[in-house]
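[1] Predicted model and sequence below, questions to follow.
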Amino acid sequence: MLILSPSLLSVDFAHIADGIKELDRAGVPALHLDVMDGSFVPNISFGAPVIKCLRKETNMIFDVHLMIDEPARYLEDFKKAGADWVTIHAESCTHLHSTIMKIKELGMKAGVALNPATPVSVLDYVMEDIDMVLVMSVNPGFGGQSFIQSSLRKIEEVRRMADERDLDINIEVDGGVNLKNVESVINAGANVIVAGSAVFGGDAYENSCDFLRIFEKTGRK
Ligand code: DX5
Ligand code: ZN
């Protein structure tokens, strides 16, 4: 199933709740929440207390993308804040497997994110334990960057790996996705589509509807 997960990073932060309402009105199923610590990535965004406040505003799936060092330290906080899916970076965990297990023990879905230069092989021994792979199609830290073309090949590789092992897992693509290139990422095998500036850079309701219309057109909605 195709899932649109708009990234809140590009919302007008003075009016976050209004932005969320527009997504709800369009029938968007998930909200992508980018947590940045200024160490793993060169930017600081928001953390669990903000997510906790937003939880009261919507029933959308909270798709939390942790761009922080050693995320295992904060997993309980994100659970309490209302996270449904938690994605950690393979590059940010000394103990990737145990961090995945901890996310699942807390009752959340576990995802593993790969930076553009990280090979798919890091997933080899954890693939069976996770619910989602997030392929970064920009270097993490900022919204509004251009899509890195080699990510298409990586999405295809992850989809092949999942199919070969008969695993029904989500493949999320994050960074530089817009109305022009979204079909190519879907064709490569992604089914969870993050879009920040392509949604909040204009009318969030209209842009979301445009994405959802393309999903319908692909017949995989
Ligand atoms: C980047 C974040 C993305 C970002 C995507 O580090 O993980 O989720 O908000 O923004 P766009 O869609 O504008 O590239
Ligand atoms: Zn993200």
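    Noted; the coordinates are in hand. Ligands and ions are numbered 1, 2, ... in the order given.
[2] Which parts of this structure are strands?
    Assigned by DSSP state E, the chain shows strands spanning 3-6, 30-36, 61-67, 85-89, 109-114, 132-136, 170-174, 192-195.
[3] Can you convert the ones you listed into TSV and add a column each for mean neighbour count?
    To be clear about C-beta, it is placed using only N, CA and C from the backbone, and glycine gets the same treatment. Converted to TSV, these look like this (neighbours: other C-beta atoms under 10 Å):
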stretch	mean neighbour count
strand 3-6	25
strand 30-36	24
strand 61-67	25
strand 85-89	27
strand 109-114	22
strand 132-136	26
strand 170-174	26
strand 192-195	26
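[4] would you list those strands in JSON lines and tack on mean pLDDT?
    Output for those, formatted as JSON lines (pLDDT from 0 to 100):
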{"stretch": "strand 3-6", "mean pLDDT": "98"}
{"stretch": "strand 30-36", "mean pLDDT": "99"}
{"stretch": "strand 61-67", "mean pLDDT": "99"}
{"stretch": "strand 85-89", "mean pLDDT": "99"}
{"stretch": "strand 109-114", "mean pLDDT": "99"}
{"stretch": "strand 132-136", "mean pLDDT": "99"}
{"stretch": "strand 170-174", "mean pLDDT": "99"}
{"stretch": "strand 192-195", "mean pLDDT": "98"}
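[5] For G143, find the nearest of those strands.
    Closest of the strands of the chain to G143 is strand 30-36, at 8.0 Å (criterion: C-beta to C-beta).
[6] ok, residues contacting stretch 4-19?
    Here stretch 4-19 makes contact (C-beta atoms under 8 Å, 6 or more residues apart in numbering) with 20, 23, 28-34, 45, 54, 57, 61, 63, 143-144, 172, 174, 192-197, 199-201, 204, 208, 211-212, 215.
[7] I'd like the strands of the chain laid out as JSON lines, including distance to ligand 2.
    Below are the strands of the chain laid out as JSON lines (distance: least, C-beta to the ion, whole Å):
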{"stretch": "strand 3-6", "distance to ligand 2": "9"}
{"stretch": "strand 30-36", "distance to ligand 2": "4"}
{"stretch": "strand 61-67", "distance to ligand 2": "4"}
{"stretch": "strand 85-89", "distance to ligand 2": "8"}
{"stretch": "strand 109-114", "distance to ligand 2": "8"}
{"stretch": "strand 132-136", "distance to ligand 2": "7"}
{"stretch": "strand 170-174", "distance to ligand 2": "4"}
{"stretch": "strand 192-195", "distance to ligand 2": "6"}
